[in-house]
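[1] could you work out the structure for the sequence below:
(one chain, ligands or ions: 1)
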Amino acid sequence: MSKSLLADANVRLEEALKYVSISEDAFSRLKYPKASLSVSIPIRMDDGSLKIFQGYRVRYDDTRGPGKGGVRYHPSVSIDEVQSLAFWMTFKCALLNLPFGGAKGGITVNPKELSKTELERLSRGYIEAIADFIGTDVDILAPDVYTNEMIMGWMMDQYSIIRRRFSPGVVTGKPLTMGGSQGRDTATATGAFHVINVMLKKFNLVKETTTVAVQGFGNAGAQMAELLFKAGYKVVAVSDSQGGIYAPQGLDIPSIRQYKKSHRTVTGVYCQDSVCNIIDHEVITNEQLLTLDVDVLIPAALEKQITEKNASEIQAKFIFEVANGPITSSADNILNSKGIHVFPDILVNAGGVTVSYLEWVQNRNGLYWSLTEVHEKLKVRMIEETEAVWSISQKFEVNMRTSAYIHALNRLNEAMSAKGTRDYYQNN
Ligand code: NAD
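    Next comes the predicted model:
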């Protein structure tokens, strides 16, 4: 049987523990989520029938501050997945030195099967069900897979209705008109872009000749591909849940984004309408995209995409994890032995939560920053922490994933030591 996601996530923690001196108590606490809530959400569908959806919210650890994490809508959402995502958020927030613990939420649903009004009722119903578990100083929500700023707006509004006060700080990733931050919509990709630039420079790669494949063409993946394209990198392959396209001479990413906006898939992009003849291309599967002979591979879709089954076929020299958990721990070992440099999710995709933090700060202060100010704050933090993770990897001669966990663990350990273990049941 394959390991649960959370058990797999813990393998990375154990590896980092070889290099960090942490109390047994702190370690024991970090192995388990602090609180997990499971709710059923009854929704009146447009046809008048009642459907019950399963939802979750997990606060993994709140030693460094209130829980922070996105909400995912996907048919495969389970308590194990949400707990693992909350675990990663705990380490990501510590790594970026944000004053947050880690949390996550999700609903087991295929949102593509719902009408807009059903989606709104489900989002409001989810908040109704978890309202006592969340809050501006307790646990703050954000977008994740198949959720967006419109949904975040509904969620914040519903929470404000329940609490009878405007509460913008309980949800980040909101529309600008509802207290959202400039730059939040592109934050994950922008943050990853800084990490990629810093790291590829260290390995003397030149943008114009660096080939890139991006798996996933949603919020994070499409923006990632476009930023790289505009900076001069050669993005040769992209994919979404329906399949992918590959052109060794490079793809025209803005056209693909435009096509996807109107047709909702990338695979037909060069075969229909006006963009058809721009560039010769090959239609490929997602599996093929992962094993292309490229310099840089960017998984930006879902977890467990590179496993022990396909790791030995990966040809990319560098992998930047924009998705959460796209590589299993057993695949990590194979990639390491092949000399492939893997840059971990908790660093690479941390731009999203970093600007979420800036949004939360702005909501609490009622003072809003310009896009330039937000971009500058994001850039400084991403580069600073990437350099810190790189230094630790050089010092201990470990890979970037272990190094990132060492860095985060040190911060978590410091906070836990300062607070004590909060063991309420000790004998006096
Ligand atoms: P999204 O829903 O906007 O996009 C997901 C994309 O993945 C879609 O293009 C979908 O078609 C594609 N996809 C789904 N299944 C696939 C498959 N089997 N193969 C290839 N593509 C597939 O989600 P997103 O917000 O872009 O998130 C993507 C990943 O990035 C997730 O792991 C998420 O946790 C992570 N992430 C996102 C953010 C953010 O701010 N959006 C922040 C941090 C991490």
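
[2] quick one: buried residues of stretch 66-75?
    Neighbour counts using 16 or more other CB atoms under 10 Å place 66-74 of stretch 66-75 among the buried residues. C-beta here means a position set from N, CA and C on the backbone, and glycine is covered the same way.

[3] mind listing the helices for the stretch 301-428 of the chain?
    Assigned by DSSP state H, counting those that start in this stretch, the stretch 301-428 of the chain shows helices spanning 329-337, 345-348, 351-365, 371-396, 400-419.

[4] give me the residue from the protein nearest the ligand.
    In the chain, the residue that lies nearest the ligand is Gly218 (1.7 Å; CB to the nearest ligand atom).

[5] so which residues on this protein come close to the ligand?
    143-146, 188, 215-221, 239-241, 286, 300-302, 322-324, 349, 352 (CB under 6 Å from any ligand atom).

[6] report the beta-bridge partners for Val71.
    Gly105, Pro143 (DSSP bridges).

[7] correct me if wrong: it contacts Ala142.
    Yes. In terms of CB atoms under 8 Å, Val71 counts as a neighbour of Ala142; the distance is 7.2 Å.

[8] could you pull up the contacting residues of Arg64?
    Neighbouring residues of Arg64 by CB atoms under 8 Å, 6 or more residues apart in numbering: 93-94, 98-101, 411-412, 415.

[9] now those residues in CSV, with pLDDT and neighbour count?
    Shown next, in CSV, are the contacts of Arg64 (pLDDT from 0 to 100; neighbours: other CB atoms under 10 Å):
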residue, pLDDT, neighbour count
Cys93, 98, 31
Ala94, 97, 28
Leu98, 98, 22
Pro99, 98, 13
Phe100, 98, 26
Gly101, 97, 26
Arg411, 95, 18
Leu412, 93, 26
Ala415, 91, 17
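
[10] closest to Glu14 among those residues?
    Using CB to CB, Leu412 is the member of these that lies nearest Glu14, at 14.5 Å.

[11] and Asp32, helix, strand or coil?
    Small correction: residue 32 is Tyr, not Asp. Here Tyr32 is coil, with the state taken from DSSP: H, G, I helix; E, B strand; the rest coil.

[12] burial of it, as a residue count?
    Burial of Tyr32 is recorded as 13 neighbouring residues (other CB atoms under 10 Å).

[13] how much space separates it from Val294?
    According to CB to CB, to the nearest Å, Tyr32 stands 39 Å off from Val294.

[14] swap in Val20?
    For Val20, the distance to Val294 equals 34 Å [CB to CB].

[15] Gln394 now?
    Distance of Gln394 to Val294, given as CB to CB: 26 Å.

[16] who's more crowded, the two?
    With neighbours defined as other CB under 10 Å, Gln394 and Val294 compare such that Val294 has more, 24 against 10.

[17] for that one, what are its contacts?
    Contact analysis of Val294 by CB under 8 Å, 6+ apart lists 211-213, 236-237, 315-316.

[18] for Val296, same thing?
    With CB under 8 Å, 6+ apart, Val296 has these contacts: 196, 200, 210-213, 233, 316-320.

[19] next: Ala103.
    Contacts of Ala103 by CB under 8 Å, 6+ apart are 57-60, 62, 67-69, 86, 89, 139-140.

[20] what strand or helix carries it?
    Ala103 belongs to strand 102-108 when assigned by DSSP states H and E.

[21] kindly export that strand (C-alpha atoms) in PDB.
    What follows is strand 102-108, C-alpha atoms only, in PDB (Å, rounded to 0.1, in the frame of the first residue of the first chain):
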ATOM      1  CA  GLY A 102      -0.100  26.100   9.300                       C
ATOM      2  CA  ALA A 103      -3.700  25.200   8.300                       C
ATOM      3  CA  LYS A 104      -5.700  24.000   5.300                       C
ATOM      4  CA  GLY A 105      -9.200  23.300   4.200                       C
ATOM      5  CA  GLY A 106     -11.100  21.600   1.500                       C
ATOM      6  CA  ILE A 107     -14.300  20.300   0.100                       C
ATOM      7  CA  THR A 108     -14.700  17.000  -1.700                       C
END
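
[22] for the spatially closest residue to Leu141 that is not a sequence neighbour, what are phi and psi?
    Nearest non-adjacent residue to Leu141, counting by CB to CB, 6 or more residues apart in numbering: Val171, 4.5 Å away. Phi and psi for Val171, reported as degrees, to the nearest 10, are phi -140, psi 140.

[23] Asp47 too?
    Torsion angles at Asp47 (phi, psi; degrees, to the nearest 10) stand at phi -90, psi 10.

[24] could you report the pLDDT at it?
    Asp47 is assigned a pLDDT of 97 by the prediction.

[25] could you point out the longest strand in the chain?
    Under DSSP state E, the strand in the chain containing the largest number of residues is strand 50-61.

[26] return the alpha-carbon coordinates of it using CSV.
    In CSV, the C-alpha atoms belonging to strand 50-61 read as follows (Å, rounded to 0.1, in the frame of the first residue of the first chain):
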residue,chain,number,x,y,z
LEU,A,50,-30.5,18.4,-1.5
LYS,A,51,-26.9,17.3,-1.7
ILE,A,52,-24.5,16.8,1.2
PHE,A,53,-20.9,17.7,0.6
GLN,A,54,-18.0,16.7,2.9
GLY,A,55,-15.7,19.5,4.0
TYR,A,56,-12.6,19.8,6.2
ARG,A,57,-10.5,22.4,8.0
VAL,A,58,-7.2,21.4,9.7
ARG,A,59,-5.1,23.6,12.0
TYR,A,60,-1.8,21.8,12.0
ASP,A,61,0.2,24.0,14.4
